[in-house]
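A.B. asks: can't give you the sequence, but here's the structure:
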């Protein structure tokens, strides 16, 4: 049962165990809720039919009913709420762990707002369903066959009068399942789309205001919300119709029990106590069915959320073994890669970046240079070919082992909303304050850090909002200095730097890159003229490689890039 719950409701091991306990406690609560009906039958038997028992019996039975109901309701409360609410934390941690093992390619294809909604809103909805719907529905699913057999055994005609309408009511809800799931999914997708639109509008406020798009953006958001409300209304109506029909059928069941019971009573097939007993049983079961119908509808509602969490868990993860590397030369052989199945970015790329050398990748924008770096650092996995480090295929190396040996500085810098000190320390969590400050000096950060309100202890805002582009870039370079890894990957690190800072950082990099494998991308060709090897990439393929002097004569693309760089340097506004 536990494994079934884990699979069906995307629960963790502890959550599934808690749901098993909650389901059984709900089953016993349904059973205990029949005790007041039995007590009423005993009182009716005494007051109307004159079959009086001792006063102590009635008092003892009443007290026993109260105690048993109290205990069972208390147990149910603890299992439904205390146990299931813990699952919300466990489930969020489980999703976070799953996300941490996914390749970067997954995040490039999914919006961050979608993932945050999964962790927060979807888990909250599942948590509510777990404490209010799942256990109740499962408990009734176990209770209903038992009570049905007892009712049929007592009198099969009256038993059928109670049981058949309830079965029919659930069939109505079950038959509408496909429609409800479809409409709920539409609403779920629309909510995600609206959430993405709101996040985009918030993040792009500068562009929206600069280009006078505020009115257009507002109208677009309002339109999306109105569309969402229309889908929501349609979804609610579609869910309400089978609920209404189911409720009507259950209401009719009470009338059917009265009619059949009266006929059987007049025919002498049952006595008055039996008649009253089945009426009371029908009322108690109807009361339970009304709640369970809503529970089943809620389970339909969370179906899309469950599938979303399951999709995260079943996404292919990057595998590999913990590997001790001793050589850090990088070999690419016939490497092909596509971000999407129909758009190939790299095709049969082959070159070597030797240890103790600096290898530069050059080419027109969009030719695939950054993609090569992402594959080498295993932020993405290549589709075919091989990439080896120290003679070992990186797909066989765990990302943990690989990341420990690699420092990456990409053009797009990501900083955290914490202090300057802690943002640099990300490069090496065990580094001392003195080591962090030394890395900052090498990355030429000291001048702007000194100007901050609290120096190294200044909180820089979300993604370094309080800093300029060049300052943010220098902090990311300081991380690389602090990590001091044997493989250095640099992607357009000078893009946001002025000439003076670029020169100073270049001098620091000369020290950093000694005895290491360095791969660099730079559009400023002057800065890479003296590297050990230049690899020219054109339309996702390696056109040529060699030194600056060699490539001027054997690579048309490189010659063209150099000429354009000269024109750019001499251009005057």
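C.D. replies: Received the coordinates, thanks. Note that this is a predicted model, so its numbers are computed, not measured. Numbering: from 1, shown residues only.
A.B. asks: so what's residue 385 up against?
C.D. replies: 332, 333, 334, 335, 336, 348, 349, 350 (C-beta atoms under 8 Å, 6 or more residues apart in numbering). Where C-beta positions appear, they are placed from N, C-alpha and C, glycine not excepted.
A.B. asks: between these, which is closest to residue 201?
C.D. replies: Set against residue 201, the nearest of those by C-beta to C-beta is residue 336 (37.8 Å).
A.B. asks: Surely the closest one forms part of a strand?
C.D. replies: Yes - applying DSSP: H, G, I helix; E, B strand; the rest coil, one finds residue 336 inside a strand.
A.B. asks: does it really touch residue 368, like I thought?
C.D. replies: No - if you go by C-beta atoms under 8 Å, residue 336 and residue 368 don't touch, sitting 10.4 Å apart.
A.B. asks: Determine the residues that are contacts of both of these two.
C.D. replies: With C-beta under 8 Å, 6+ apart, residue 336 and residue 368 have common neighbours 346, 349.
A.B. asks: helices or strands next to the helix or strand hosting residue 31 in the packing?
C.D. replies: Per DSSP states H and E, residue 31 falls inside helix 13-32. Packing partners of helix 13-32 (3 or more C-beta pairs under 8 Å, 6 or more residues apart in numbering; DSSP states H and E): helix 2-9, helix 55-77, helix 84-100, helix 135-154.
A.B. asks: Figure out which of those helices is closest to residue 482.
C.D. replies: For residue 482, the closest of the helices and strands packed on helix 13-32 is helix 84-100, at 22.0 Å, according to C-beta to C-beta.
A.B. asks: measure stretch 319-330 end to end?
C.D. replies: End-to-end span of stretch 319-330 (C-alpha to C-alpha, to the nearest Å): 19 Å.
A.B. asks: Could you list the residues in contact with that stretch?
C.D. replies: If you take C-beta under 8 Å, 6+ apart as the criterion, stretch 319-330 is touched by 352-355, 376, 387-392, 394-402, 405, 486-487, 516-517, 519.
A.B. asks: Can you flag which of those belong to helices?
C.D. replies: 376, 399, 400, 401, 402 (DSSP state H).
A.B. asks: Show me where the stretch 451-573 of the chain has its strands.
C.D. replies: Secondary structure of the stretch 451-573 of the chain (DSSP state E, counting those that start in this stretch): strands located at 487-491, 517-521, 533-538, 541-546.
A.B. asks: Any idea how many residues pack against residue 567?
C.D. replies: Applying other C-beta atoms under 10 Å, we find 9 residues neighbouring residue 567.
A.B. asks: now swap in residue 432 and tell me
C.D. replies: 10.
A.B. asks: residue boundaries of the strands in the stretch 101-250 of the chain?
C.D. replies: Along the stretch 101-250 of the chain, no stretch is classed among the strands by DSSP E, counting those that start in this stretch.
A.B. asks: Show the pLDDT at the closest residue to residue 2 other than its chain neighbours.
C.D. replies: Once flanking residues are discounted, residue 2 sits nearest to residue 16: 4.5 Å by C-beta to C-beta, 6 or more residues apart in numbering. Looking at residue 16, its pLDDT is 92.
A.B. asks: picking that back up, got the contact list for the helix holding residue 31?
C.D. replies: Under the criterion C-beta under 8 Å, 6+ apart, residues 1-3, 5-6, 9, 11, 68-69, 72-73, 75-76, 79-80, 83-84, 86-87, 90-91, 130-131, 134-136, 138-140, 142-143, 146-147, 288 lie in contact with helix 13-32.
A.B. asks: Narrow those to those that are buried.
C.D. replies: 5-6, 9, 11, 72, 75-76, 79-80, 83-84, 87, 90-91, 130-131, 134-136, 138-140, 143, 147, 288 (16 or more other C-beta atoms under 10 Å).
A.B. asks: which residues touch residue 58?
C.D. replies: Counting by C-beta under 8 Å, 6+ apart, residue 58 touches 42, 43, 46.
A.B. asks: most surrounded residue in those?
C.D. replies: Highest neighbour count within these, by other C-beta under 10 Å: residue 42, with 17 neighbours.
A.B. asks: Check that residue and give its pLDDT.
C.D. replies: 82.
A.B. asks: Just the buried positions in the strand or helix carrying it, please.
C.D. replies: Here residue 42, judged by DSSP H and E, is contained in helix 35-47. Residues of helix 35-47 classed as buried under the neighbour-count rule (16+ other C-beta under 10 Å) are 35, 37, 39, 41, 42, 44, 45.
A.B. asks: do the same with stretch 254-271
C.D. replies: Buried residues in stretch 254-271, defined by neighbour count with 16+ other C-beta under 10 Å: 254, 256, 257, 260, 261, 264, 270.
A.B. asks: now swap in stretch 458-467 and tell me
C.D. replies: 458, 460, 464, 466, 467.
A.B. asks: circling back to that earlier point, and the ones in helices among the contacts of stretch 319-330, which are buried?
C.D. replies: Taking 16+ other C-beta under 10 Å as the criterion, what is buried in the ones in helices among the contacts of stretch 319-330 is 376, 399, 401, 402.
A.B. asks: top helix in this structure by residue count?
C.D. replies: Under DSSP H, the chain gives helix 214-266 as its longest helix.
A.B. asks: For residue 506, give me its contacts.
C.D. replies: Residues near residue 506 by C-beta under 8 Å, 6+ apart: 494, 527.
A.B. asks: Output the contacts of residue 385 as CSV; include the columns distance to residue 414 and neighbour count.
C.D. replies: Output for the contacts of residue 385, formatted as CSV (distance: C-beta to C-beta, whole Å; neighbours: other C-beta atoms under 10 Å):
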residue, distance to residue 414, neighbour count
332, 26, 22
333, 31, 13
334, 32, 12
335, 26, 23
336, 28, 16
348, 32, 14
349, 26, 24
350, 31, 15
